[in-house]
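1. Dropping the sequence and predicted coords here.
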Amino acid sequence: MDLTKVKAIVLDIEGTICPISFVKDTLFPYALEALPKLLSEKWDDPEFKKYREDFPDEAKVSPEAFQAHVQDITKKDIKVAYLKNLQGHLFRTGYETSAFSTPLFPDVIPALKTWSAHKDLAIFSSGSVDAQKLFLAYVAEDVVTDGASTKPAPGSKTVDLNGLFDGRLFDTVNAGSKVERESYVKIAKALKRKEEEVLFLSDNVNEVRAALHAGLDAAVVNRPGNAPLSMEDENDLLVIESLDEIKHIAELEGAEL
Ligand SMILES: CSCCC(=O)C(=O)COP(=O)(O)O
């Protein structure tokens with residue numbers, strides 16, 4: 001890793017800056033629970049139609065078929081854009097009614113605030129850009145970490161971190177697949193940086209390998225609750241457990257972070 005060159009830091013979401021359990025056990029179930037009301041009230045509403053029309057034909061035949069399809073691909077965690085766009089729409093009410101807020105790992109907010117002074121921060125997630133905006137708009141200021149779980153502290157206020165990212169939000173629609181090198185080339189270009197000036201951090205080794213293949217700097221973030229890494233991945237890739245380690249590497253390299 002050469003952090004002296006890095007001018008932009010691109011972050012994955014799930015398993016990197018927030019626990020996988022927040023996405024799987026809070027956001028996804030909320031979306032599934034909210035869907036029947038949306039389907040019964042808005043099936044023919046133009047606002048809902050723009051989400052519905054991208055679904056496969058067999059899911060569009062009835063609200064029941066639609067609900068079953070969404071349930072199936074959510075359970076399988078299939079990260080297709082049409083599901084992600086709909087989820088982003090469904091999450092909104094949850095955030096706006098304080099049904100949940102975003103728990104970031106405790107090292108994340110301080111790192112983002114420090115890094116944003118000298119680096120461009122960006123997100124690259126399978127979650128849609130709209131979902132990313134909500135995710136960042138309702139971040140719990142205080143979290144409680146207990147073993148593998150990090151959750152918003154009871155009564156915690158929220159803080160909007162969108163300003164730190166200034167719209168540098170990438171998803172599979174505007175950047176492409178997270179496991180293809182071309183997507184990372186595209187992101188570097190969008191950030192107006194050379195590939196080696198961009199650092200990508202993710203829990204997903206295939207994403208990290210694709211970013212490295214594109215010429216970015218990249219590391220695996222191994223958080224409590226993530227899938228175990230193979231020996232091969234541990235040997236081949238830089239693995240960190242906290243964003244603080246990037247700060248330490250920067251200090252050792254004399255890089256400004
Ligand atoms: C933007 S919050 C919802 C995140 C989400 O739906 C998801 O699938 C997370 O994917 P990532 O690529 O960020 O691990």
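-> Here it is on my side, so go on.
2. Show me which residues of the protein sit near the ligand.
-> 12-14, 23, 27, 79, 84, 87, 125-127, 131-132, 135, 178 (C-beta under 6 Å from any ligand atom). Backbone N, C-alpha and C define where each C-beta goes, glycine included.
3. And the residues you listed, which two are furthest apart?
-> Across the residues of the chain next to the ligand, the longest distance by C-beta to C-beta is 17.9 Å; it joins 27 and 178.
4. Helices of the chain, start to end?
-> 20-21, 28-42, 46-52, 63-75, 81-96, 108-115, 129-137, 162-165, 181-190, 205-213, 231-236, 244-253 (DSSP state H).
5. Report the beta-bridge partners for the residue nearest to residue 140 when sequence neighbours are not counted.
-> Spatially, and ignoring its direct neighbours in sequence, residue 140 is nearest to residue 152 (3.4 Å; C-beta to C-beta, 6 or more residues apart in numbering). Counting by DSSP bridges, residue 152 is bridged to residue 143.
6. Tell me who's in contact with residue 152.
-> 100, 101, 102, 103, 140, 142, 143, 144 (C-beta atoms under 8 Å, 6 or more residues apart in numbering).
7. Check residue 65 too.
-> 58, 59.
8. The residue of the stretch 1-150 of the chain found nearest the ligand: how many residues sit nearby?
-> The nearest approach of the stretch 1-150 of the chain to the ligand comes at residue 127, 2.6 Å away (C-beta to the nearest ligand atom). Number of residues near residue 127 (other C-beta atoms under 10 Å) recorded here: 25.
9. Tell me how far it lies from residue 183.
-> Computed as C-beta to C-beta, to the nearest Å, the residue 127 to residue 183 distance reads 15 Å.
10. just for the chain, where's the confidence low?
-> The model of the chain has no residue with pLDDT under 70.
11. go with 90
-> For the chain, the stretches flagged by pLDDT under 90 are 1-2, 146-149, 247-248, 250-251, 253-257.
12. Quick check: closest non-adjacent residue to residue 7.
-> residue 197 (4.3 Å).
13. An error on my part: the question was meant for residue 99.
-> residue 30 (6.5 Å).
14. now swap in residue 18 and tell me
-> residue 104 is the one closest to residue 18 (C-beta to C-beta, 6+ apart), at 5.4 Å.
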